[in-house]
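1. Can you look at this prediction? I've put the sequence above it.
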Amino acid sequence: MTAMATTTPAPTVDRISPAADAARRVAQTVTDPELPMLSLADLGVLRDVWVDDGRVVVVITPTYTGCPAMDTMRDDLVYTLRAAGYHDVEVRTTLHPPWSTDWISAEGKRKLAEYGIAPPGPAPSAVTGPVPLVLTPTVRRVDCPVCGSADTVELSRFSATACKALRRCRTCQEPFEHVKEI
Ligand SMILES: [Zn+2]
């Protein structure tokens, strides 16, 4: 005899069956519209996936606040899951805990570098416990994804998308994008 000690949102919610697992794997393959080399799994925005009475519920955390990519991401999730045979799909967003670039997996950071985009360093919000008061902006070291030089300079806080800054390497002269830490 087994006693289930865990509480679930509703008795029909299913996160562990092969069907729920399959839906999760499909959702994980959806890519970020602004960083198309990254899947939602790489990005760490996929918070939860469950099946409830035939409906697939996907919970995501927005990346950058007000990021227009979120609407596209939501549409892509619904489209991709429908194409995989899940016709009843609901995408929910949750803001807590807030997403930070630390949630990008090591694999995701590796893919960014492979595409010539400098991955984010440790997020400023990663500090646990009392948050130190910072009076001056931190000067970050961002290595060139082309030649690896640390001698790079920020040209613009924003590049093609708000989540990336435009930088240039002073060693090889190549411009490159950098996913900003948040
Ligand atoms: Zn370089």
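-> Here it is on my side, so go on. The shown structure was predicted, so the numbers you read here are calculated from the model rather than taken from an experiment.

2. what does the protein put close to the ion?
-> With the criterion set to Cβ under 5 Å from the ion, the chain comes near the ion through Cys144, Val146, Cys147, Ser149, Cys169, Thr171, Cys172. In short, each C-beta sits where N, CA and C put it, glycine included.

3. at 6 Å instead, please
-> Counting by Cβ under 6 Å from the ion, the residues of the chain close to the ion are Cys144, Val146, Cys147, Ser149, Cys169, Thr171, Cys172, Glu174.

4. Can you give me the pLDDT of the residue nearest the centre of the chain?
-> For the chain, the residue nearest the mean C-alpha position is Leu43 (2.6 Å; Cα atoms, centre = their mean). With respect to pLDDT, Leu43 has a value of 92.

5. show me the contacts for it.
-> Asp32, Leu35, Thr63, Trp103, Ile104, Ser105, Gly108 (Cβ atoms under 8 Å, 6 or more residues apart in numbering).

6. What number of residues are in the vicinity of the residue nearest to the fourth one when sequence neighbours are not counted?
-> Counting by Cβ to Cβ, 6 or more residues apart in numbering, Gly44 is the residue found nearest to Trp103 once chain neighbours are left out, at 3.0 Å. Other residues within reach of Gly44 by the criterion other Cβ atoms under 10 Å amount to 18.

7. Surely Gly44 and Thr101 touch.
-> No. Counting by Cβ atoms under 8 Å, Gly44 does not reach Thr101; the two are 9.0 Å apart.

8. Outside of the lengthiest helix in the chain itself, list whatever touches it.
-> Across the chain, the longest stretch assigned as helix under DSSP state H is helix 69-83. Helix 69-83 has contacts (Cβ under 8 Å, 6+ apart) with 23, 26-27, 29-34, 40, 45, 56, 58, 60, 62-63, 89, 91, 93, 161.

9. Would you map the strands across this protein?
-> Listed in chain order, the strands of the chain (DSSP state E) span 13-14, 46-52, 55-60, 89-93, 117-118, 152-156, 164-169, 175-179.

10. List the neighbouring strands of the fifth one plus their orientation.
-> Okay, so that is strand 117-118. strand 175-179 (parallel) (DSSP bridges).

11. Would you mind pulling the contact partners of the strand it pairs with?
-> Counting by Cβ under 8 Å, 6+ apart, 35, 101, 104, 112, 116-120, 142, 144-146, 152, 154-155, 159-160, 163-169 sit against strand 175-179.

12. can you rerun that using 6 Å?
-> Gly116, Ile117, Ala118, Pro119, Pro120, Val142, Pro145, Ser159, Lys164, Ala165, Arg167, Arg168 (Cβ atoms under 6 Å, 6 or more residues apart in numbering).

13. With stretch 143-155 instead?
-> 113, 116, 118, 141-142, 165-172, 174, 176.

14. Please apply the same query to stretch 21-37.
-> 38-41, 43, 46, 49, 56, 58, 69, 72, 76-77, 80-81, 84, 86, 111, 115, 161.
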